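>>> Just need the structure, nothing else, for what follows:
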Amino acid sequence: MSELVLLSTLHKAYNVGQPNEIEVLHGLDLRIDRGEFAALIGPSGSGKSTLLNVLGLLERSSGGSYTLLGERVQDLDDDGLTRMRRDALGFVFQFHHLLPAFTALENVSLPVLMRDGRVAARDRERARALLDAVGLAAAMDRKPAQLSGGMQQRVAIARALMLEPALVLADEPTGNLDTASSSEVFALMRRIHQDAGTTFLVVTHDPRLAARCDRVIELVDGRIESDGPPSPAGHG
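Here you go, the predicted model:
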């Protein structure tokens with residue numbers, strides 16, 4: 001496997017230099033290789049969202065180094081970060097953030113529209129293929145209000161894959177769904193991982209979902225407490 005993400009003694013603090021300065025991530029070392037399907041777990045307040053924001057280039061670290069696809073993130077200016085975020089990363093959130101006035105097809109095409117200012121025929125064809133792959137070929141012209149929660153989240157996954165990202169960051173992607181829909185959406189992400197080799201890092205509080213990942217990284221108080229295959233009983 002080739003290295004995709006490498007964190008070395010990564011720190012993240014807020015209000016640096018102020019009396020209320022607080023460090024959330026304390027010198028993390030982490031490597032994620034291409035083709036992995038990993039879970040990030042930990043109690044509330046452990047730093048999971050902060051780590052995801054740093055990995056997603058939404059926030060800069062305070063110290064240490066972060067290398068993504070061989071590029072040192074610290075060396076990138078804001079334009080470079082925007083380009084890297086757009087080209088290398090896909091995001092799936094607990095709330096799907098679909099545009100209500102757009103059809104499913106238009107929502108999936110949105111990353112191309114934002115990048116190029118237009119959607120070419122080949123891009124629409126890819127969006128159709130992605131919707132087909134997530135089981136929504138018959139719902140391409142429906143708007144989010146006409147779709148169930150699970151269907152909306154499948155549109156969001158297709159949108160995250162539109163620009164063929166090297167890494168998909170999924171933040172509680174099933175947290176807003178019932179048990180059956182949650183299981184279906186998770187199975188879909190696993191199938192995409194197996195078929196396309198896309199790398200996934202999934203933040204979840206659900207030990208059953210974490211147990212279905214290949215690797216479980218546990219964060220406690222801003223430090224990696226454990227990192228390895230899921231235990232047979234699953235993680236809490």
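>>> In this protein, spot the helix with the most residues.
helix 179-196 (DSSP state H).
>>> Tell me the buried residues in that one?
181-186, 188-190, 192-193 (16 or more other C-beta atoms under 10 Å). Backbone N, C-alpha and C define where each C-beta goes, glycine included.
>>> low pLDDT regions in the protein?
Applying pLDDT under 70 to the chain flags the ranges 1, 96, 232-236.
>>> Spatially central residue for it, please.
Taking C-alpha atoms, centre = their mean, the centroid of the chain lies closest to Leu169, which sits 1.1 Å from it.
>>> How many neighbouring residues does Leu58 have?
15 (other C-beta atoms under 10 Å).
>>> Surely Leu201 is within a helix?
No: with DSSP: H, G, I helix; E, B strand; the rest coil as the criterion, Leu201 is located in strand rather than a helix.
>>> Contacts only, for it.
32, 36, 38-40, 52, 55, 167-170 (C-beta atoms under 8 Å, 6 or more residues apart in numbering).
>>> Would you mind naming the residues that bridge with it?
Beta-bridge pairing of Leu201 under DSSP bridges involves Ala38, Leu169.
>>> Ser62 versus that one, what's the distance?
Per C-beta to C-beta, to the nearest Å, Leu201 is found 21 Å from Ser62.
>>> what do you get for Pro165?
For Pro165, the distance to Ser62 equals 26 Å [C-beta to C-beta].
>>> who has more neighbours, the two?
Taking neighbours as other C-beta under 10 Å, Pro165 and Ser62 compare with Pro165 leading, 19 against 16.
>>> Leaving out sequence neighbours, find the closest residue to the more buried one.
Using C-beta to C-beta, 6 or more residues apart in numbering and skipping the chain neighbours, the partner closest in space to Pro165 is Gly90 (3.7 Å).
>>> just so I have it, where are all the helices in this protein?
48-55, 78-88, 104-116, 121-133, 149-160, 179-196, 207-210.
>>> need the ones you listed in JSON lines with distance to Ile224, can you?
Below are these laid out as JSON lines (distance: least, C-beta to C-beta, whole Å):
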{"stretch": "helix 48-55", "distance to Ile224": "10"}
{"stretch": "helix 78-88", "distance to Ile224": "23"}
{"stretch": "helix 104-116", "distance to Ile224": "31"}
{"stretch": "helix 121-133", "distance to Ile224": "33"}
{"stretch": "helix 149-160", "distance to Ile224": "25"}
{"stretch": "helix 179-196", "distance to Ile224": "22"}
{"stretch": "helix 207-210", "distance to Ile224": "15"}
